[in-house]
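**Q** Make a model of this:
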Amino acid sequence: MIASQNGWPVLTTAPAGRLAWITGRVLPGPVAAVFDYLARRIDAEVEHIDPATSWGWNDRNIRGSSTTRSNHASGTAVDFNAPRHPRGARGTFTPAQAATIRAIVRSLDGVVRWGGDYTVGPVDEMHYELVGTPAQVAALAARLTSPPAPTPAPAHHQQEAPVIIRRASDGASFYVSGGVGARILNGTDLAAYSGAGVETVNLSDAGYAEAQGRFLK
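**A** Numbering: from 1, shown residues only. Just a heads-up that it's a prediction; the model follows:
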């Protein structure tokens, strides 16, 4: 098997994965999902991506190498806005933009590398490539595409245990179920609810009046 620099198999024909952000293809499935997420954030937080000058798969060697296959050859690399960020040119982004790119890349679990941070060979600020294994890329894609967890209901909307509110001075009482709805109890009802094990809370006159204002509306 011929592999690209990151160890993924080289593709001699264009892969099936399409992205709205580039002209060309990438590997479908998890690879496309990761690059789509990356592109959406770059476009929203760094600069607009022009698909006409942004690339994907290309079956070729790394520029300047006669032996090492580019990660573009395996459909695991993309270039965004190539003319704005030519290979070998440093500082094509503002410091703030570069900081945002690094923050986005850090959020991707070590799976993506930005060419602007190359320490060997020319920098390549247009370039983003996968450096994770297929399993790592799949796990990241699953995380990025999972629906968000539901937001817990505010505390005042959460279910509360039923309770009898009782005025200690004279025994006047009412029943509250689940934090909503309440009704004043007569002697028979009070005995029935108390017998069923419902908690009774004894309050002062002031506390009972406040509870009435909250529940007996």
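**Q** Average pLDDT for stretch 119-138, rounded please.
**A** Mean per-residue pLDDT for stretch 119-138: 96.
**Q** Tell me the buried residues in it?
**A** 123-130, 132, 134, 136-138 (16 or more other Cβ atoms under 10 Å). Bear in mind the C-beta positions are built from the backbone N, C-alpha and C, glycine included.
**Q** In strands, which of these fall?
**A** Judged by DSSP state E, the buried residues of stretch 119-138 include 127-130 as members of strands.
**Q** where does the nearest residue to residue 15 once chain neighbours are set aside sit relative to residue 90, distance-wise?
**A** In this structure, residue 15 finds its nearest non-sequential neighbour in residue 75, 4.1 Å apart by Cβ to Cβ, 6 or more residues apart in numbering. Applying Cβ to Cβ, to the nearest Å, the value for residue 75 to residue 90 is 27 Å.
**Q** what about these two, which has more around it?
**A** With neighbours defined as other Cβ atoms under 10 Å, residue 75 and residue 90 compare such that residue 75 has more, 29 against 13.
**Q** so that one touches residue 59, yeah?
**A** No. Residue 75 is beyond contact range of residue 59, at 9.5 Å (criterion: Cβ atoms under 8 Å).
**Q** which residues are in contact with both of the two?
**A** residue 11 (Cβ atoms under 8 Å, 6 or more residues apart in numbering).
**Q** Would you map out the domains in the chain?
**A** 17-145, 155-215 (automatic domain parsing).
**Q** Of all the helices and strands in the chain, which has the lowest average confidence?
**A** strand 180-184 (a mean of 63; mean pLDDT, DSSP states H and E).
**Q** do you know how far residue 177 is from residue 58?
**A** Counting by Cβ to Cβ - residue 177 and residue 58 are separated by 67 Å.
**Q** And for residue 94?
**A** 28 Å.
**Q** Could you identify the longest helix within the protein?
**A** Using DSSP state H, we find that the single longest helix of the chain is helix 30-45.
**Q** ok now that helix, how far from the chain's centre?
**A** Per Cα atoms, centre = their mean, to the nearest Å, the displacement of helix 30-45 from the mean C-alpha position of its chain is 12 Å.
**Q** Same question for stretch 103-110.
**A** 12 Å.
**Q** Could you list the low-pLDDT ranges of this structure?
**A** 151-161, 178-183, 185, 187, 216-217 (pLDDT under 70).
**Q** Tell me the residue in it that is farthest from the middle.
**A** Within the chain, the residue lying farthest from the chain centre (Cα atoms, centre = their mean) is residue 170, at 56.4 Å.
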